[in-house]
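1. one predicted model, sequence on top.
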Protein chains: 2
Amino acid sequence: MSIEINSRVHPEKWRIAPHVLDLETSIIREILKISSQPGVISFAGGLPAPELFPLEDIKKVTLEAIDQYGADSIQYSLSSGIVPIRELFAKRATEEGSISTTANILITSGSQQGIELIARAFIDPGDYILTENPTYVGALQAFDYYRARYITVDMDDDGMIVDQVAEKIEKYQPKLIYTVSNFQNPTGVTMSEERRRQLVDLAAGYDIPVIDDNPYGDIRFSGEPMPTLKSLGGDAVIELRTISKIIAPGFRIGWMNGPTRAITQFEKVKQCADLHTSNFTQYVIYEYIRQGFLEPHIEKIKADSLAKRAAMIRTMDETFPPGIKWTRPDGGLFLWVELPAHMSGKELLPKAVEMKVAYVYGEPFFPNGGGENTLRLNFSNATHEEIVEGITRLAKLFKENL
Amino acid sequence: MSIEINSRVHPEKWRIAPHVLDLETSIIREILKISSQPGVISFAGGLPAPELFPLEDIKKVTLEAIDQYGADSIQYSLSSGIVPIRELFAKRATEEGSISTTANILITSGSQQGIELIARAFIDPGDYILTENPTYVGALQAFDYYRARYITVDMDDDGMIVDQVAEKIEKYQPKLIYTVSNFQNPTGVTMSEERRRQLVDLAAGYDIPVIDDNPYGDIRFSGEPMPTLKSLGGDAVIELRTISKIIAPGFRIGWMNGPTRAITQFEKVKQCADLHTSNFTQYVIYEYIRQGFLEPHIEKIKADSLAKRAAMIRTMDETFPPGIKWTRPDGGLFLWVELPAHMSGKELLPKAVEMKVAYVYGEPFFPNGGGENTLRLNFSNATHEEIVEGITRLAKLFKENL
């Protein structure tokens, strides 16, 4: 029957919304496909180092979570997340200087869903969002679905140039200010404390929330710790956090910390999206953190990332030709390369893949275009030897195309 | 600092989109809060029986999944879902009569996310969706976010009265036809085979997809098996399935089966929503099914549900006063009660809760209003003794308010 009827069915005539048909597939996902070809050394993804995943500890805490919480660990659960993990994240925020309760915390399916829920609650087509230039491409994807427009603010070594913000707010009335304040994706740059204070002041004055997308804040491996935007800005800030970079991404556990009034709205729009995030993975991660596994594990990640970043930068210092600049992040997973103005990261990528090395070119990170001569390198995923070899290949490529 | 700044922050002035502020919190969630008071026998939720959850088998397969798939089980993964579980679901669909490959399958975070992704891809404000009357309230919630409007089709003991459909399609041009064809939530009614054939014929003719939300299809405990809409309609149908009712809800694993062209669009809008569903829970459930635990477990659930449904109906037969009607479902989790026209399920609920018994009144299931004299009873979650006692209390309530 289904074969017979299929000749009369035309799914291509189904009326999918035009703005959905227009949405682009993530360029990064496309690059990841290319760069996962055998033999390619990839600096393209944002993947944590798999050899650090604490598989044995996860096995232990999973069994204990099932024994301890029984049927509750796999029954329907609260849209806002299980209470004990929210208590734990509220306590963590309070210790970081932002007094929080469970009512401030909403568990999300990765911090990508945090971005999505904020867009879902705030954005009507044509609304403006203020972002750094460049900014995280996954956030742009989430915002693009809602047909947001972007006002961008330039960056320097101290992050977003906040002096430009007030004028742009006055002119465009953005609904949200979106920043990745720590070890930004894609640039690796961290916002200075002075800029942080300026930004939350502005946000409070104009009644516009600051979204601090903060997946990397815990992975500071050099330099001095910085107060979070949330600890400086209190209810002016919605902070997004995740365990993806400090334990593993596959559990899809992130959380938001915001004013209760806003959290109530996000909870409502989450409920109609997926009822709730897996309580099974929430209980597993809760037990992992409660039993004290997290902090020592973060130290391991930091040591590993520091060594890999050092290897990458040392090799760049030694091999890259003059005229190329790059950032020297104190944490996170990425650094950012600026080629001479006439060179194109996009045009060079196929040649790089021929030489069995891959990166993400910079253009998709610029909401309103630009950045042709830039590219992003990940230093968390490849091994030390791959980093040295891959960077040496890139140096050769750049020299040949200067 | 954050306390000082908080006196100057006014999150109530943040410009959350008006249509989001207008969204109602789920009435069912509110009723669940009331009915979870101590001592209340609740027929309100749609919760599977927790005493049947296969906790020991889950422990076993979780350890094996981690050992077998290692870091891949918790690294970033594909937006469409891990390949082996999609192969398994494609095979299952093929065995049910709908030839499917992995390209037809998208893993969702529960089947609620399946509904959401379809709305996300298709619905612009004001678009019409054709539904049964009454229909699943969680679907209405997902659709409401997108400001859909509804055309409803009446039901009888054979499900949606498909004779009414063509005229309504001509008049309103709905973008989607939404049905719960098996043991419908809320009524427990199953669509007859003849109606199924009629409906997929119409859908093919008018190029409108039929969404068959089919979470209960596997739980048929009496009567003859019926071909799925997907097996009859092929590419005219997008089927939504879930493990929530046949293993447990807390893993948040559902799946869609649709034409590849549509699946590609859903994958795209899922990617910007949450990147992907937890691969950890996908591998756990994959191992559970691969190792052959599922089919015997479904048999257990069927036996349990059959006994509970029998106890509920027997007690209703014995105790309910004349003038009240109810359905006698062959599967699923719910049955549906129609009181005399002058009685209100909503008005009686507080009195029921006083008598320590709870249900969900029917109005929220009617997209365009009505159903004041109806209510839904769940027979999967309470114990046998609670069912007898709770139904006896309801009988008393109804007699006193006839």
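-> Received, thanks. Predicted model only: the values in this text are computed from it and were never measured.
2. run a quick neighbour tally on the residue nearest to residue A:36 when sequence neighbours are not counted.
-> For residue A:36, ignoring the flanking residues on the chain, the nearest one in space by C-beta to C-beta, 6 or more residues apart in numbering or on different chains is residue A:42 at 6.9 Å. Every C-beta, even on glycine, is put in place using the N, C-alpha and C of the backbone. Neighbours of residue A:42 under the rule other C-beta atoms under 10 Å in any protein chain shown: 23.
3. kindly list the longest strand within chain A.
-> Identified as the longest strand of chain A according to DSSP state E is strand A:149-156.
4. so for the helix or strand just after that strand, what's the average pLDDT?
-> Downstream of strand A:149-156, the next assigned helix or strand under DSSP states H and E is strand A:159-160. Averaging pLDDT along strand A:159-160 gives 98.
5. ok so, going back, and the longest strand of chain A with chain B, contact?
-> No - against chain B, strand A:149-156 shows no contacts by C-beta under 8 Å from any C-beta of the partner chain, the least distance being 14.8 Å.
6. what's the mean pLDDT across that strand?
-> 98.
7. again with stretch A:264-272
-> For stretch A:264-272, mean pLDDT is 95.
8. residues of it that come out buried?
-> Buried positions in stretch A:264-272, judged by neighbour count with 16 or more other C-beta atoms under 10 Å in any protein chain shown: A:265, A:266, A:267, A:268, A:269, A:270, A:271, A:272.
9. also near chain B: which of those residues, exactly?
-> A:265, A:268, A:269, A:271, A:272.
10. and of those, the nearest to chain B?
-> residue A:272 (4.3 Å; C-beta to the nearest C-beta).
11. next one: the closest one from residue B:279, what distance?
-> Going from residue A:272 to residue B:279 by C-beta to C-beta, to the nearest Å gives 24 Å.
12. residue A:228 too?
-> Per C-beta to C-beta, residue A:228 is found 30 Å from residue B:279.
13. check residue A:339 too.
-> From residue A:339 to residue B:279 the distance is 36 Å (C-beta to C-beta).
14. cool, residue A:161 as well?
-> 39 Å.
15. between the two, who's got more neighbours?
-> For residue A:161 versus residue B:279, the count of surrounding residues by other C-beta under 10 Å is larger for residue B:279: 27 against 14.
16. quick one: the strands in the stretch 51-200 of chain A, in order.
-> Here the stretch 51-200 of chain A has its strands, by DSSP state E, counting those that start in this stretch, at A:105-108, A:128-133, A:149-156, A:159-160, A:176-179.
17. JSON lines for those, including mean neighbour count?
-> Listed next are the strands of the stretch 51-200 of chain A as JSON lines, based on neighbours: other C-beta atoms under 10 Å in any protein chain shown:
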{"stretch": "strand A:105-108", "mean neighbour count": "27"}
{"stretch": "strand A:128-133", "mean neighbour count": "24"}
{"stretch": "strand A:149-156", "mean neighbour count": "17"}
{"stretch": "strand A:159-160", "mean neighbour count": "26"}
{"stretch": "strand A:176-179", "mean neighbour count": "27"}
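18. quick one, domains of chain A?
-> A:2-53+A:296-400, A:56-290 (automatic domain parsing).
19. most neighbours per residue, which of these?
-> Most buried of the domains of chain A, by mean neighbour count (mean count of other C-beta atoms under 10 Å in any protein chain shown): domain A:56-290, with a mean of 22.
20. so how far is that one from its chain's centroid?
-> 9 Å (C-alpha atoms, centre = their mean, to the nearest Å).
21. same question for stretch A:310-320.
-> Distance of stretch A:310-320 from the chain centroid (C-alpha atoms, centre = their mean) equals 25 Å.
22. put the alpha carbons of that stretch into PDB.
-> Taking C-alpha atoms only, stretch A:310-320 is exported to PDB below (Å, rounded to 0.1, in the frame of the first residue of the first chain):
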ATOM      1  CA  ALA A 310      51.300  26.200  24.400                       C
ATOM      2  CA  ALA A 311      52.300  23.700  21.800                       C
ATOM      3  CA  MET A 312      50.100  25.400  19.200                       C
ATOM      4  CA  ILE A 313      51.300  28.900  19.900                       C
ATOM      5  CA  ARG A 314      55.000  27.900  20.100                       C
ATOM      6  CA  THR A 315      54.700  26.200  16.700                       C
ATOM      7  CA  MET A 316      52.900  29.200  15.300                       C
ATOM      8  CA  ASP A 317      55.700  31.500  16.700                       C
ATOM      9  CA  GLU A 318      58.300  29.300  15.100                       C
ATOM     10  CA  THR A 319      56.700  28.600  11.700                       C
ATOM     11  CA  PHE A 320      54.100  31.200  10.700                       C
END
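23. contacts only, for residue A:101.
-> Applying C-beta atoms under 8 Å, 6 or more residues apart in numbering or on different chains to residue A:101 gives the contacts residue A:90.
24. cool, residue A:321 as well?
-> Contacts of residue A:321 by C-beta under 8 Å, 6+ apart are A:395, A:398, A:399, A:402.
25. what sits up against the strand or helix carrying the second one?
-> Which is residue A:398. Following DSSP H and E, one finds residue A:398 within helix A:384-400. Contacting residues not belonging to helix A:384-400 are listed as A:41, A:43, A:307-308, A:311-312, A:315-316, A:319-321, A:324, A:339, A:343, A:348, A:351-352, A:355-357, A:359, A:379, A:382 [C-beta under 8 Å, 6+ apart].
26. give me the subset of those residues that lies in helices.
-> Counting by DSSP state H, those place A:307, A:308, A:311, A:312, A:315, A:316, A:319, A:348, A:351, A:352 in helices.
27. could you look up the SS state of the residue nearest the centre of chain A?
-> By C-alpha atoms, centre = their mean, chain A has its centre lying nearest to residue A:215, at 5.8 Å. Per DSSP: H, G, I helix; E, B strand; the rest coil, the secondary structure class of residue A:215 is coil.
28. who's in contact with the residue nearest to it when sequence neighbours are not counted?
-> Spatial nearest neighbour of residue A:215, chain neighbours left out: residue A:242 (4.8 Å); criterion: C-beta to C-beta, 6+ apart. With contact taken as C-beta under 8 Å, 6+ apart, residue A:242 is in contact with A:110, A:111, A:114, A:215, A:249, A:253, A:254, A:255.
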